[in-house]
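Visitor: This is the structure alone, sequence omitted:
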């Protein structure tokens with residue numbers, strides 16, 4: 001069985017950078033690993049469909065936060081001193097023009113800018129949901 005396109009439970013955890021463990025602070029199942037570890041993919045040619053399936057949640061049980069795909073600047077861009085702004089533009093072009101990414105309808109799954117926005121929304125929702133209890137505790 002190919003570990004990228006048809007991963008077993010163990011290989012999915014491995015791809016996420018996790019492993020089964022009872023050590024404190026370590027995820028013990030896929031749901032925990034998916035939200036605890038960032039995916040560490042270097043996507044080889046031919047493995048894109050497997051990664052796309054993982055991104056779209058087809059290879060995992062449902063977990064709340066899901067995955068988000070970003071394309072970091074490579075060593076060549078760093079050596080050439082490509083600006084962060086240019087890197088973000090190149091990332092956007094990459095996901096808009098290359099298969100299988102351009103055929104994914106949910107565009108919110110791609111790009112550093114969208115990830116930044118998602119994480120900001122998550123943080124604000126957490127603050128909004130916990131702030132009243134914190135204020136109540138301070139007042140008591």
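Guide: Sure, I can see it. Fair warning: this is a prediction, and the values are worked out from it, not measured in the lab. Numbers count the residues shown, from 1 in each chain.
Visitor: And the pLDDT for residue 57?
Guide: Per-residue pLDDT puts residue 57 at 81.
Visitor: Could you double-check that it lies in contact with residue 66?
Guide: Yes. Counting by CB atoms under 8 Å, residue 66 is a contact partner of residue 57 at 6.1 Å. Heads up, the C-betas are built off the backbone N, CA and C, glycines and all.
Visitor: ok, these two, which is more surrounded?
Guide: residue 66 (17 against 13; other CB atoms under 10 Å).
Visitor: Double-check that that one belongs to a strand.
Guide: No. Counting by DSSP: H, G, I helix; E, B strand; the rest coil, residue 66 is not part of a strand but coil.
Visitor: Now do the phi/psi pair for it.
Guide: Here is the backbone geometry of residue 66 (degrees, to the nearest 10): phi 70, psi -160.
Visitor: next one: residue 69
Guide: Per degrees, to the nearest 10, the backbone of residue 69 is at phi -100, psi 130.
Visitor: Count the residues that sit near the closest residue to it other than its chain neighbours.
Guide: Nearest non-adjacent residue to residue 69, counting by CB to CB, 6 or more residues apart in numbering: residue 110, 5.1 Å away. Using other CB under 10 Å, residue 110 has 22 other residues around it.
Visitor: Dihedrals phi and psi, residue 110?
Guide: Per-residue torsions, residue 110: phi -120, psi 140 (degrees, to the nearest 10).
Visitor: Help me confirm that it comes into contact with residue 95.
Guide: Yes. Here residue 110 lies in contact with residue 95, judged by CB under 8 Å, at a distance of 4.2 Å.
Visitor: Which neighbours do the two have in common?
Guide: 69, 101 (CB atoms under 8 Å, 6 or more residues apart in numbering).
Visitor: Show me what the lengthiest helix in the chain is packed up against.
Guide: Counting residues, the longest helix in the chain under DSSP state H turns out to be helix 112-139. In terms of contacts (3 or more CB pairs under 8 Å, 6 or more residues apart in numbering; DSSP states H and E), helix 112-139 is packed against helix 84-97.
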